[in-house]
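>>> structure for this input, please:
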Amino acid sequence: MKKWFIVQLYAGYEELVRADLLKRVQEYSLGDLFGQILIPSTKMKQVFAEEQSSEDQQLFPGYMVIEMDMTPESKRLVTATPRIIRFLGGNDPASLSNQEVDRIMAQMRGEMVIKNEQHEFEVGREVEIKTGPFIGFIGIIDAVDQESEKLTVMVSIFGRMTPVEIGFDQVKY
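Predicted structure coming up:
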């Protein structure tokens, strides 16, 4: 029975690796062991000064999703493909659940909104921690990491200012 697996590969080579893998599947006559080979991407709309553009953006750069029957031959074919690093899960890769596959497919069809909002956190601003072990503490933002959506907040613990790293969703103004 075919299941979905994730393979890690060199970022930037996703289309090349996909084409190479499809060619190798045909060469070795293993088409019955493979289903879809996807590079999860979605159309992103961007608006700049009243100009709209739409471009394909990968959801998981450096990863590819493969529907396959996990046999020694199919596994060897995939791992021997140039620029494929490994299956996620190592020597005994775990397949994706139906829920995970449905979520990825919904993102690719544009049915699921990918959160990409910019927060207005600024260094020196006071925030209250609303979840986690420091719930109720009030601190001052010391650093903002937009990419990983984390804040370094200085809170007073036993009379000393201590840095605490927390997520954007764990604080309120």
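
>>> how much space between the residue nearest to the spatial centre of the chain and residue 157?
Centroid check for the chain by Cα atoms, centre = their mean gives residue 60 as the closest residue, at 4.6 Å. From residue 60 over to residue 157 the distance is 38 Å, taken as Cβ to Cβ, to the nearest Å. C-beta here means a position set from N, CA and C on the backbone, and glycine is covered the same way.

>>> then residue 77?
Taken as Cβ to Cβ, the span from residue 77 to residue 157 is 55 Å.

>>> more neighbours: which of those two?
Ranked by neighbour count (other Cβ atoms under 10 Å), residue 77 and residue 157 place residue 77 first, with 20 against 12.

>>> give me phi/psi at the more buried one?
phi -60, psi -50 (degrees, to the nearest 10).

>>> residues touching it, list them.
21, 24-25, 28, 30 (Cβ atoms under 8 Å, 6 or more residues apart in numbering).

>>> please redo it, this time with the cut-off set to 6 Å
residue 24 (Cβ atoms under 6 Å, 6 or more residues apart in numbering).

>>> before we move on, what about residue 28?
Counting by Cβ under 6 Å, 6+ apart, residue 28 has no contacts.

>>> now do whichever strand or helix holds residue 108: distance to the chain's middle.
Using DSSP states H and E, residue 108 sits within helix 98-109. Relative to its chain's centre, helix 98-109 lies at 13 Å (Cα atoms, centre = their mean, to the nearest Å).
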